[in-house]
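next input, structure requested:
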Amino acid sequence: MTSRFVCSILIASTAAWVVYAEGFHLFAIWNLLPLILATAAIWQRPHARRPRRSTLTFAAVTTILIALTHAAWVFDWRRTATGSSTAALFFIFIPALSVSFGAIGWVPVRAAEWLFDQRSKRRIREILNAGKVPCGRCKYPLLPNQDRCPECGTARPANLEVQWRAFIESGGSPPSATPLPHPKLGVDL
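This is a model prediction of the structure:
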């Protein structure tokens, strides 16, 4: 949850930077649209523990491009503001360019996430088919007669196998076990 708030604060500060650079009018709202899209993407799945890395990549690329182009205008880097009478036309296209570059950054990261998810699900499916159940905390393969995980000491919920099978079929979030004190150490691991 904290990564959502940190990203939202950074996007809001970039939005304040845009309003500072342009003033608040209809054209500034056009330049704020990519930031609104980035915020909506981050908060798209509020039930998940954190946003996907691909979503964070999209938001970061979009926000950085908007911030840098407005910084170039304010500080007149390479005569951005004073070099030409048509220099301000760049701000017509920068929202579309920033969203495009954000999408270009999103595609390979999302593909890597998908491949990793498929690999994880295949490993869990192999563990389940072998008559074992992955621990909800550390994913150690538990035998049917084990009440606790030998690696982390987490107690095994009664319906853990059902939760894992539902995760493989639906693609939701994996089950997580609540850590209990280790029977020998007496501390949470």
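
mind listing the helices for this structure?
In the chain, the helices defined using DSSP state H lie at 2-22, 26-42, 53-74, 90-129, 160-170.

mean pLDDT lowest for which of those?
Note on these: helix 160-170 shows the lowest mean pLDDT, a mean of 70.

tilt between that one and helix 90-129?
Computed by axes from the mean of the first three to the mean of the last three Cα atoms, to 10 degrees, the angle separating helix 160-170 from helix 90-129 equals 140 degrees.

now for helix 160-170, which elements pack on it?
Counting contacts by 3 or more Cβ pairs under 8 Å, 6 or more residues apart in numbering; DSSP states H and E, helix 160-170 packs against helix 90-129, strand 133-134. All C-beta atoms are positioned from the backbone trio N, CA, C, and that covers glycine.

and the ones you listed as JSON lines, adding mean neighbour count?
Formatted as JSON lines, the helices and strands packed on helix 160-170 follow (neighbours: other Cβ atoms under 10 Å):
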{"stretch": "helix 90-129", "mean neighbour count": "15"}
{"stretch": "strand 133-134", "mean neighbour count": "23"}
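
format those as JSON lines; extra columns: distance to Val162.
What follows is the helices and strands packed on helix 160-170, written out as JSON lines (distance: least, Cβ to Cβ, whole Å):
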{"stretch": "helix 90-129", "distance to Val162": "11"}
{"stretch": "strand 133-134", "distance to Val162": "10"}
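
wait, which of the ones you listed is closest to Thr55?
Among the helices and strands packed on helix 160-170, helix 90-129 comes nearest to Thr55, with 7.5 Å by Cβ to Cβ.

angle of the closest one against helix 2-22?
Using the same axes, to 10 degrees: helix 90-129 against helix 2-22 is 170 degrees.

closest to Lys139 out of the helices of the chain?
Closest of those to Lys139 is helix 90-129, at 7.7 Å (criterion: Cβ to Cβ).

so what's the residue count around Val19?
By other Cβ atoms under 10 Å, the residues close to Val19 number 16.

distance of it from Thr82?
Counting by Cβ to Cβ, to the nearest Å, the gap from Val19 to Thr82 is 21 Å.

got the contact list for Pro144?
Contacts for Pro144 (Cβ atoms under 8 Å, 6 or more residues apart in numbering) come out as 131-133.

Trp114 now?
So Trp114 contacts nothing (Cβ under 8 Å, 6+ apart).
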